[in-house]
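> what follows is a predicted structure for the sequence shown.
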Amino acid sequence: MAINTGVCCFRRRLNIERRKNWIKRKKKWRRKSWCHLIEIVDETSVADVFGAVNRKASEEEAKKTNRSRVTIEKADEKRHCRTFRAQQQIAPSKILESVLFPLIIAFYSSVIISLSAATINHPSTGTSRFAEQEIQLLREAFLRKFGMKEQPKQAKPALPVPYYVWNIYERVKKEDIACVRHYYPYNIMELDNSTLLLQYDLSVTVRNVTSEIIARAELKLKLGRERNRRHIKIYEIDQRNSEIWRLIDAKFIEDDLRGDYQWTEMDVTEAIRRRRPNMNKVDFAVKLSSNHLKALASTSSQPTVHSASSYDSKQAFALVVYVQTDDTARVRKKRKANMRRRHQHKKHDHRSADKNYCRRTELLVDFNELDWQDWILAPSSYSAYQCQGKCPNPLTSHFNTTNHAIVQGLINSVDPSLVPAPCCVPTEMESLSILYIDVEGKIVIKNYPDMEVLSCGCR
């Protein structure tokens with residue numbers, strides 16, 4: 001009796017839909033009892049039911065086994081990613097820049113991204129999103145990246161940044177210049193009615209300046225309006241004998257009637273290159289045609305909202321030094337190659353975004369979060385990007401992979417214990433130009449390499 005009851009239950013579930021179809025096709029049938037319907041089904045149907053149950057149990061067991069295998073593969077892949085990043089360390093001195101710094105930036109920026117929507121809808125009330133210790137850690141990491149020992153402190157009134165500084169900032173992004181420094185004279189002395197003495201201190205407070213090469217140097221002069229044609233001469237004054245003057249540059253200046261003043265530049269590259277490494281002082285004498293010295297010393301300010309240095313009376317005599325490093329040629333070649341492949345990277349990101357495969361994703365770095373808007377003039381924030389997603393097997397060419405990674409992925413698919421799976425990592429990086437004020441109040445424009453991810457790949 002118990003056996004018949006169990007068979008009745010199985011047959012009842014199996015024939016629910018069949019019973020509905022019978023009722024539609026044959027309205028003359030009356031509703032019969034469940035046990036009577038079960039008798040209609042043959043014994044082969046019962047065997048099919050038990051077979052389906054057994055197959056379902058086998059499938060569940062297989063799914064559990066596959067989940068365990070995937071968990072092991074993901075753990076191996078994470079270990080491979082950590083091993084890959086560790087192998088990229090060239091020297092102990094590069095640990096912070098190659099490993100710790102990107103990790104700190106990734107953590108910091110991912111939090112900003114997660115809160116970006118809330119920031120747009122709810123303006124900041126001045127409360128920091130991070131604890132004081134976290135902010136201090138981020139500041140120290142960036143200062144090391146910038147080659148500074150301490151954060152610049154603006155204690156004196158700020159000045160507008162001249163328009164030519166912003167022109168230089170945009171131009172440096174495209175040129176092979178590693179750094180541009182602005183120096184203001186620490187002393188201005190009128191020698192006579194037509195000669196002005198300018199004294200500069202070229203000491204540098206950042207690290208790793210021994211490998212720098214002077215590309216060119218310019219003396220920016222702010223001239224007032226003058227109807228007559230002016231003749232300007234620039235002399236270098238010898239540091240050991242002030243009686244020795246060397247003519248560096250000379251030119252005639254035509255008046256520009258489009259404004260109240262005009263900027264002109266004099267080439268002083270020879271004097272800066274000739275300076276000895278242990279001598280940080282340089283003196284120039286600016287000689288004009290008679291009765292034009294007053295027009296040269298004009299320091300009328302220009303309207304702008306950007307803060308700059310505090311040398312109000314000396315801003316009209318800026319010494320701009322363009323610097324290259326040993327890595328400038330390498331960065332130039334890398335930049336040209338990156339420009340050729342930018343379009344290809346965009347296609348790759350579009351194809352892989354829908355499948356959650358290895359791709360470049362947004363990652364925002366905001367200097368305002370560190371309360372550095374007073375000395376970092378540009379950019380206020382930038383997109384560093386990051387690499388996310390999985391590497392499929394087998395790998396195809398549009399995943400920016402290598403033959404080694406393809407072979408590694410095939411071996412991993414056969415036996416994950418032999419080699420880890422390929423990892424999604426940055427394959428090409430781009431430099432970032434930053435306009436800021438250093439600890440001595442000098443305006444600096446510098447290119448920092450490997451600050452922005454251009455493309456990702458499975459390696």
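Structure's in. What do you need?

> tell me the first helix or strand C-terminal of the worst-scoring helix or strand of the chain on mean pLDDT.
Scoring the helices and strands of the chain by mean pLDDT, DSSP states H and E places helix 116-121 at the bottom, with a mean of 36. The C-terminal neighbour of helix 116-121 among helices and strands, as given by DSSP states H and E, is helix 132-146.

> now the next helix or strand after that next one - C-alpha only, PDB.
Per DSSP H and E, the first helix or strand lying C-terminal to helix 132-146 is helix 163-172. Only the C-alpha atoms of helix 163-172 are listed here, as PDB (Å, rounded to 0.1, in the frame of the first residue of the first chain):
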ATOM      1  CA  TYR A 163      49.200  84.000 -19.300                       C
ATOM      2  CA  TYR A 164      52.500  82.700 -20.800                       C
ATOM      3  CA  VAL A 165      52.800  80.200 -18.000                       C
ATOM      4  CA  TRP A 166      49.600  78.500 -19.100                       C
ATOM      5  CA  ASN A 167      50.800  78.600 -22.700                       C
ATOM      6  CA  ILE A 168      54.000  76.800 -21.600                       C
ATOM      7  CA  TYR A 169      52.000  74.300 -19.600                       C
ATOM      8  CA  GLU A 170      50.000  73.300 -22.700                       C
ATOM      9  CA  ARG A 171      53.100  73.200 -24.800                       C
ATOM     10  CA  VAL A 172      55.100  71.000 -22.500                       C
END
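
> which secondary structure elements does helix 163-172 contact?
Applying 3 or more Cβ pairs under 8 Å, 6 or more residues apart in numbering; DSSP states H and E, we find helix 163-172 packed against strand 179-183, strand 424-437, strand 443-458. C-beta coordinates here come from the backbone N, C-alpha and C atoms, glycine included.

> buried set for it?
For helix 163-172, a neighbour-count test (16 or more other Cβ atoms under 10 Å) marks 165-166, 168-169, 172 as buried.

> out of the residues you listed, who's nearest residue 133?
Nearest to residue 133 out of the buried residues of helix 163-172 is residue 169 (Cβ to Cβ; 33.3 Å).

> which residues are in contact with that closest one?
378, 433, 435, 445 (Cβ atoms under 8 Å, 6 or more residues apart in numbering).

> which of the residues you listed lies closest to residue 279?
For the contacts of residue 169, the nearest to residue 279 is residue 445 (24.2 Å; Cβ to Cβ).

> need the contact list for the closest residue to the closest one other than its chain neighbours.
In space, and not counting its chain neighbours, residue 445 is closest to residue 180: 3.9 Å by Cβ to Cβ, 6 or more residues apart in numbering. Going by Cβ under 8 Å, 6+ apart, residue 180 touches 168, 172, 320-323, 444-446.

> go again using 10 Å as the cut-off
Residue 180 makes contact with 165, 168-169, 171-172, 215, 218, 320-323, 433, 435, 443-447, according to Cβ atoms under 10 Å, 6 or more residues apart in numbering.

> returning to what we had before: with respect to residue 283, which of the helices and strands packed on helix 163-172 lies nearest?
strand 179-183 (12.3 Å).

> and the next helix or strand after that closest one, what does it pack onto?
Next along the chain after strand 179-183, taking DSSP H and E as the criterion, comes strand 187-192. Judged by 3 or more Cβ pairs under 10 Å, 6 or more residues apart in numbering; DSSP states H and E, the packing partners of strand 187-192 are strand 195-201, strand 281-288, helix 293-296.

> tell me which of those sits most buried.
Greatest average neighbour count among the helices and strands packed on strand 187-192 goes to strand 281-288 (a mean of 20), per mean count of other Cβ atoms under 10 Å.

> what is the rounded mean pLDDT of that strand?
Mean per-residue pLDDT for strand 281-288: 91.

> how far off strand 195-201 does that strand point, in degrees?
Between strand 281-288 and strand 195-201, the angle comes out at 160 degrees (axes from the mean of the first three to the mean of the last three Cα atoms, to 10 degrees).

> any low-confidence regions in this protein?
1-15, 17-130, 154-159, 204-211, 225-227, 256-259, 277, 290-314, 326-355 (pLDDT under 70).

> per the record, what domains does it have?
88-134+328-458, 156-323 (automatic domain parsing).

> sorry, back to before: and the buried residues of helix 163-172 as JSON lines, adding distance to residue 388?
Output for the buried residues of helix 163-172, formatted as JSON lines (distance: Cβ to Cβ, whole Å):
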{"residue": "165", "distance to residue 388": "37"}
{"residue": "166", "distance to residue 388": "35"}
{"residue": "168", "distance to residue 388": "36"}
{"residue": "169", "distance to residue 388": "31"}
{"residue": "172", "distance to residue 388": "31"}
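
> and the helices and strands packed on helix 163-172: which comes nearest residue 412?
Among the helices and strands packed on helix 163-172, strand 443-458 sits nearest to residue 412 (Cβ to Cβ), with 11.5 Å.

> partner strands of the closest one, parallel or antiparallel?
The strands beside strand 443-458 in its sheet (DSSP bridges) come out as strand 179-183 (antiparallel), strand 424-437 (antiparallel).

> can I get it as PDB, trimmed to CA atoms?
Provided in PDB are the C-alpha atoms of strand 443-458 (Å, rounded to 0.1, in the frame of the first residue of the first chain):
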ATOM      1  CA  ILE A 443      56.400  78.000 -10.400                       C
ATOM      2  CA  VAL A 444      57.300  74.500 -11.700                       C
ATOM      3  CA  ILE A 445      55.900  72.600 -14.600                       C
ATOM      4  CA  LYS A 446      57.000  69.000 -14.600                       C
ATOM      5  CA  ASN A 447      56.200  65.800 -16.500                       C
ATOM      6  CA  TYR A 448      55.800  62.700 -14.200                       C
ATOM      7  CA  PRO A 449      56.000  59.400 -16.100                       C
ATOM      8  CA  ASP A 450      53.700  56.400 -15.700                       C
ATOM      9  CA  MET A 451      50.800  58.400 -14.200                       C
ATOM     10  CA  GLU A 452      48.000  57.400 -16.600                       C
ATOM     11  CA  VAL A 453      47.100  53.900 -18.000                       C
ATOM     12  CA  LEU A 454      46.700  53.900 -21.800                       C
ATOM     13  CA  SER A 455      46.000  50.300 -22.400                       C
ATOM     14  CA  CYS A 456      45.600  47.000 -20.600                       C
ATOM     15  CA  GLY A 457      46.400  43.400 -21.600                       C
ATOM     16  CA  CYS A 458      46.600  39.800 -20.400                       C
END
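
> any idea how far the residue nearest to residue 445 lies from residue 217?
10 Å (Cβ to Cβ, to the nearest Å).

> cool, residue 396 as well?
If you go by Cβ to Cβ, the gap between residue 396 and residue 217 works out to 51 Å.

> quick one: residue 454 and residue 426 touch, right?
Yes: using Cβ atoms under 10 Å, residue 454 is in contact with residue 426, at 7.9 Å.
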